[in-house]
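Colleague: Got a predicted model here, sequence first, then my questions.
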Amino acid sequence: MRFPVRRYLALLSVYLRPQGPKIFALTCILLVDIGLQLSSPKIIEYFINTFIAGGDITVLLFAGCAYIVIALLTQGVAILSTYLSGTIAWTATNRLRTDLVRHCLALDLSFHKTRSSGELIERIDGDVDALSNFFSQFFVELLINLLLLAGILGIFFTIHWLLGILMVAFSATMLVVITLIRRRVLPLWKQNRQQSALFFGFLSEHLSGSEDLRGNGAVPYVMLRFYQVIRAWFPIQRRTLITTNNLDVTVLFLFVCGTSLSLFIGVYLWSTKLIAVGTIYAIFRYTDLLSQPLDTIQTHMQDLQQAEACIQRIEELLQTRTLLPDGHGTPLPGGALAIDFEQVSFGYTPEQKVLHDISFHMEPGTVIGLLGRTGSGKTTLARLLARLYDPQEGCICLGGVPLVEPYLRDLRRHVGLVTQDVQLFHASVRDNLTFFDRTLSDAYILEQIEQVGLKSWCDSLSAGLDTIIGQDGSGLSAGEAQLLALTRIFLHKPGLIILDEASARLDPATERLMERALDRLLSGRTVLIIAHRLSTVQRADEILILEQGRIVEHGKRAELAHDRDSRFAQLLHLGLEEALA
Ligand SMILES: Nc1ncnc2c1ncn2[C@@H]1O[C@H](COP(=O)(O)OP(=O)(O)OP(=O)(O)O)[C@@H](O)[C@H]1O
């Protein structure tokens with residue numbers, strides 16, 4: 001297998017370059033560590049040989065003290081290097097995590113709709129976590145351990161050339177065996193992480209839908225599916241761990257052979273009077289020490305196996321391009337915005353069109369009620385208008401500017417979208433409303449809360465704006481959640497508001513609040529409401545009816561209501577809520 005060194009170096013240089021001074025300090029510390037490790041067996045060798053030769057007690061004491069100092073220094077150096085490599089890894093992996101989160105958030109909806117959140121969590125955290133060793137130690141420790149290996153082999157040569165040659169052959173055999181086993185392990189690790197991503201995807205999807213699952217008595221079926229997913233994972237996990245373990249056992253066995261060989265040669269050299277007894281001890285210690293660089297090199301190769309699979313997937317993710325390229329900055333006019341759809345066709349997949357040849361014009365400041373049966377394409381039309389997707393054919397303009405031209409950030413400021421499925425986060429009321437925008441003052445936020453009629457609700461909160469909203473907005477009624485979503489829009493006062501009105505019936509008090517909030521919010525703005533309630537339809541200036549992705553009626557509300565042949569009049573006659581159910 002060829003190492004894609006260039007790819008690794010590219011990744012490392014992006015995330016490690018800013019930490020150059022720390023990496024330099026780590027390299028120096030590890031070099032000191034090599035020196036300490038190589039010198040300690042020499043001191044013991046000197047001690048034994050001096051003792052056997054009946055040397056001076058002061059010299060022996062001095063050698064003993066030197067050994068203790070070196071042992072203490074080695075521990076100190078180990079603490080420092082662990083601290084530094086940990087800091088380097090944590091900083092680098094956090095930067096990579098941040099980049100991945102930013103990248104994922106910038107990707108379009110079609111990307112997110114085809115991936116579960118668990119799968120993305122595994123990519124952003126699991127894979128990056130597995131890269132942590134690779135970032136902290138890989139190149140520095142690999143280089144240092146190669147140096148340590150060279151140092152130990154050099155010392156063997158200084159003892160005797162035969163010992164040197166045999167230990168070089170031993171080390172080479174070890175590395176070849178490790179490389180051969182490594183080739184078998186990589187695909188298994190890749191498969192393993194893929195399966196774990198599927199598992200976490202499954203888990204997060206079902207945990208987030210637990211209310212529906214329990215309500216519908218689907219728990220036993222989900223548990224069955226859960227067992228199936230972990231059952232599929234188990235053999236892969238087992239094979240991966242057994243194969244990795246075989247690598248460890250093989251390495252251990254080879255070490256036992258290497259130590260026996262070195263002791264055998266040591267005894268042979270001593271019996272031929274070529275070395276002293278103390279040197280046999282040093283040979284044993286150096287062979288033992290050899291295990292460290294070989295073991296570390298092997299561990300890093302293992303990290304590399306995992307890292308390679310992770311890097312491949314991370315690169316795939318980073319190379320995923322959004323289907324919504326950012327515009328080149330044409331500014332949108334301020335105030336209410338005109339809407340133009342010109343022969344727009346769209347499908348979530350190219351084969352299956354959901355909207356066909358949609359064309360209409362809306363003057364700035366108009367309120368348009370979008371009606372149609374379920375599945376007729378109303379939400380899809382709203383998504384196109386908010387540029388969550390781009391149409392395959394035709395053009396959409398806002399205020400005379402094609403939607404693809406302004407910067408997406410600019411567009412999001414001019415278009416406010418309230419969906420039926422209001423997302424509230426486990427954060428304070430303030431953060432839920434401002435999305436962490438600290439430029440909005442509390443006084444301004446409270447003023448907007450009052451505008452939507454949530455003042456008494458807010459006053460009843462124990463910590464006011466600092467009150468933490470439960471997970472998924474638990475503790476709030478659907479109506480309150482909708483009103484909070486409206487407050488978000490109030491804060492930014494966009495020129496176009498798209499409102500996918502909640503079809504769930506609100507209690508009369510909340511409905512009145514909502515009506516009043518809408519009165520204030522909608523005045524002086526262009527509004528597209530996917531209307532489910534008669535009261536909402538009545539505030540529309542124009543009505544647009546969709547059927548199977550086509551406009552089947554468009555006109556002024558008052559005129560359509562009086563035209564008994566119009567679909568709108570028939571809908572009113574049948575009862576809007578029932579007709580659109
Ligand atoms: N993300 C998606 N991926 C693929 N198909 C989708 C997606 N969202 C909606 N569809 C399909 O597009 C069609 C129109 O859906 P849309 O949600 O726009 O209808 P709607 O009129 O808003 O319905 P409702 O009133 O029930 O919300 C439906 O056939 C639906 O299955």
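Modeller: Everything's here; your move. These numbers were taken from a predicted model, which means no experiment stands behind them. Residues are numbered from 1 along each chain as shown.
Colleague: Please name the nearest non-neighbouring residue to the residue of the stretch 151-300 of the chain found nearest the ligand.
Modeller: The minimum distance from the stretch 151-300 of the chain to the ligand, using Cβ to the nearest ligand atom, falls at Glu205 (15.3 Å). C-beta here means a position set from N, CA and C on the backbone, and glycine is covered the same way. Leaving aside its chain neighbours, Glu205 sits nearest to Ser116 (5.1 Å; criterion: Cβ to Cβ, 6 or more residues apart in numbering).
Colleague: for Ile297, same thing?
Modeller: Nearest non-adjacent residue to Ile297 (Cβ to Cβ, 6+ apart): Asn145, at 5.5 Å.
Colleague: Where does that neighbour fall, secondary structure wise?
Modeller: For Asn145, the element it lies in under DSSP states H and E is helix 132-159.
Colleague: Repeat that for Gly369.
Modeller: strand 367-372.
Colleague: export the helix or strand just after that strand as CSV, just CAs?
Modeller: Following strand 367-372 in sequence order, the next helix or strand is helix 378-385 (DSSP H and E). Taking only C-alpha atoms (Å, rounded to 0.1, in the frame of the first residue of the first chain), the coordinates of helix 378-385 have been written out as CSV:
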residue,chain,number,x,y,z
LYS,A,378,-46.7,24.7,-1.4
THR,A,379,-43.8,24.1,1.0
THR,A,380,-41.6,23.4,-2.0
LEU,A,381,-42.5,26.8,-3.5
ALA,A,382,-41.7,28.5,-0.2
ARG,A,383,-38.4,26.7,0.0
LEU,A,384,-37.5,27.9,-3.5
LEU,A,385,-38.4,31.5,-2.5
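Colleague: hang on, the earlier thing: looks like the residue nearest to Glu205 contacts His206 (just checking).
Modeller: No. Ser116 lies out of contact with His206 (Cβ atoms under 8 Å); the separation is 9.9 Å.
Colleague: Does anything pack onto the helix or strand harbouring Arg184? Which helices or strands?
Modeller: For Arg184, the host element (DSSP H and E) is helix 161-208. Here helix 161-208 touches helix 117-121, helix 132-159, helix 219-271, helix 277-319, going by 3 or more Cβ pairs under 8 Å, 6 or more residues apart in numbering; DSSP states H and E.
Colleague: Show me how the record splits this protein into domains.
Modeller: According to automatic domain parsing, the chain comprises the domains 5-319, 339-580.
Colleague: What ranges in the stretch 201-350 of the chain fall below the confidence cut-off?
Modeller: 298, 301-303, 305-306 (pLDDT under 70).
Colleague: Name the residues of this structure found near the ligand, please.
Modeller: Selection of the chain residues close to the ligand by Cβ under 6 Å from any ligand atom yields Lys113, Tyr348, Val354, Gly372, Thr374, Gly375, Ser376, Gly377, Lys378, Thr379, Thr380.
Colleague: hang on, the earlier thing: how close does the residue nearest to Glu205 get to the ligand?
Modeller: 14 Å (Cβ to the nearest ligand atom, to the nearest Å).
Colleague: Now that residue: phi and psi?
Modeller: Backbone torsions of Ser116, given as degrees, to the nearest 10, read phi -80, psi 160.
Colleague: what angle do the helix holding Asn145 and helix 219-271 make?
Modeller: If you take axes from the mean of the first three to the mean of the last three Cα atoms, to 10 degrees, helix 132-159 sits at 10 degrees to helix 219-271.
Colleague: same for helix 132-159, what does it pack against?
Modeller: On a contact count with 3+ Cβ pairs under 8 Å, 6+ apart, helix 132-159 meets helix 5-16, helix 20-52, helix 57-106, helix 161-208, helix 277-319.
Colleague: Make a markdown table from these and add mean neighbour count and distance to Phe255 to it.
Modeller: Below are the helices and strands packed on helix 132-159 laid out as a markdown table (neighbours: other Cβ atoms under 10 Å; distance: least, Cβ to Cβ, whole Å):
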| stretch | mean neighbour count | distance to Phe255 |
| --- | --- | --- |
| helix 5-16 | 14 | 28 |
| helix 20-52 | 17 | 17 |
| helix 57-106 | 15 | 21 |
| helix 161-208 | 17 | 8 |
| helix 277-319 | 19 | 5 |
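Colleague: which residues touch the residue nearest to Glu205?
Modeller: Gly201, Phe202, Ser204, Glu205 (Cβ atoms under 8 Å, 6 or more residues apart in numbering).
Colleague: Work out which residue lies at the spatial centre of the chain.
Modeller: Ile124 (2.4 Å; Cα atoms, centre = their mean).
Colleague: just to revisit the earlier point, mind telling me which of the helices and strands packed on helix 132-159 the model trusts least?
Modeller: Note on these: lowest mean pLDDT is at helix 5-16, with a mean of 73.
Colleague: rewinding a little: before we move on, what SS does the residue nearest to the centre of the chain have?
Modeller: For Ile124, the assignment made with DSSP: H, G, I helix; E, B strand; the rest coil gives helix.
Colleague: Output the domains of the chain in TSV, with distance to Pro331 appended to each entry.
Modeller: Output for these, formatted as TSV (distance: least, Cβ to Cβ, whole Å):
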stretch	distance to Pro331
domain 5-319	21
domain 339-580	7
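Colleague: that older thread, so what's the gap between the helix holding Asn145 and the chain middle?
Modeller: Distance of helix 132-159 from the chain centroid (Cα atoms, centre = their mean, to the nearest Å) equals 34 Å.
Colleague: now stretch 244-257
Modeller: How far stretch 244-257 lies from its chain's middle: 36 Å, per Cα atoms, centre = their mean.
Colleague: Buried residues of it, list them for me.
Modeller: For stretch 244-257, burial by neighbour count (16 or more other Cβ atoms under 10 Å) applies to Thr244, Leu247, Thr250, Val251, Leu254, Phe255.
Colleague: Looking at those, which one is closest to Val537?
Modeller: Of all the buried residues of stretch 244-257, Val537 sits closest to Thr244, with 64.7 Å by Cβ to Cβ.
Colleague: my read: the closest one touches Leu186, true?
Modeller: No. Counting by Cβ under 8 Å, Thr244 sits too far from Leu186 to count as a contact (10.7 Å).
Colleague: Mind checking what secondary structure Glu553 has?
Modeller: Glu553 - assigned by three-state DSSP - is strand.
Colleague: got the contact list for it?
Modeller: Ile543, Leu544, Ile545, Leu560, Ser566, Arg567, Phe568.
Colleague: thought Val140 was touching Leu30?
Modeller: Yes. Between Val140 and Leu30 a contact is recorded at 6.5 Å, counting by Cβ under 8 Å.
Colleague: What are the phi and psi values at the nearest residue to Ala386 once chain neighbours are set aside?
Modeller: Nearest non-adjacent residue to Ala386, counting by Cβ to Cβ, 6+ apart: Leu417, 4.7 Å away. The phi/psi pair for Leu417 (degrees, to the nearest 10) reads phi -120, psi 120.
Colleague: same question, Gln392
Modeller: According to degrees, to the nearest 10, Gln392 has phi -80, psi -30.
Colleague: what's the burial count for it?
Modeller: As a burial measure, Gln392 scores 12 neighbours (other Cβ atoms under 10 Å).
Colleague: mind listing what it touches?
Modeller: Gln392 is in contact with Ser345, Phe346, Gly347, Pro350, Lys353, counting by Cβ under 8 Å, 6+ apart.
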